[in-house]
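Okay, sequence plus prediction incoming.
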Amino acid sequence: GGTDGAPGPLALRVVTPDGPLSRGDSFRIELTNVSDRPTHVGNQGKYNLELRTEGGWTEIRGTDGEGLFGYTDEALGVDPGETLTWEFEMTESGLTASGPHADDLRVCPDLVPGRYRFVFWGGDDLAVAFDYVG
């Protein structure tokens, strides 16, 4: 974080098979403390998946109905070199299978080829993008 342009203590990356993702591919998101001191982040449910559209980045996971969720504010300690991970499968059900509100979420609209990103707002509002070819 910070305004001086220096990188924050956290690095976010996507781990995929070689090349862009295809339907059914598994992939992993890793959030690593790259600093030499412990840091804290919000809980691992504070993320979303977005698709790049003409109107900008658009959330792809939503709910039927109201869909307002509360997120708890506990802080997770992340020691230097420690990594938090999220595992997904590139299918409609695979992108909603984990997380605190999995039963309420669905992918809408269905997956289309394009540029996607994982956004984690439990830290410094980190994001990492990846391509999906269908």
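Happy to help now that I have it.

Give me the below-cutoff pLDDT ranges for this structure.
By pLDDT under 70, the weakly predicted segments of the chain are 1-7, 63-74, 98-105, 109, 123.

those helices in this protein, which residues are they?
Applying DSSP state H to the chain gives no helices.

Check the gap between the closest residue to residue 49 other than its chain neighbours and residue 76 for me.
The shortest distance from residue 49 to any non-neighbouring residue, by Cβ to Cβ, 6 or more residues apart in numbering, is to residue 60 (5.3 Å). Using the backbone N, CA and C atoms, a C-beta is placed for each residue, glycine as well. Distance, residue 60 to residue 76, using Cβ to Cβ, to the nearest Å: 25 Å.

Who has more neighbours out of these two?
Each of residue 60 and residue 76 has its neighbours counted (other Cβ atoms under 10 Å); residue 60 has more, 23 against 15.

dump the residue contacts of the residue nearest to residue 49.
Residue 60 sits next to 49-51, 95, 107-109, 111, 116 when contact means Cβ atoms under 8 Å, 6 or more residues apart in numbering.

What's the ChimeraX syntax to select whichever of those are buried?
For the buried members of the contacts of residue 60, the matching ChimeraX selection, counting by 16 or more other Cβ atoms under 10 Å, is:
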select :49,50,51,95,107,111,116
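
center of this structure, which residue is that?
Nearest to the mean C-alpha position of the chain, counting by Cα atoms, centre = their mean, stands residue 118 at 3.2 Å.

Quick one: the strands in the protein, in order.
Applying DSSP state E to the chain gives strands spanning 10-15, 26-33, 39-41, 47-53, 56-59, 61-62, 76-78, 83-89, 106-107, 114-120, 126-132.

which other helices and strands contact the fifth one?
Of the remaining helices and strands, those touching strand 56-59 by 3 or more Cβ pairs under 8 Å, 6 or more residues apart in numbering; DSSP states H and E are strand 47-53.

The strand it packs on versus strand 26-33: what angle between them?
120 degrees (axes from the mean of the first three to the mean of the last three Cα atoms, to 10 degrees).
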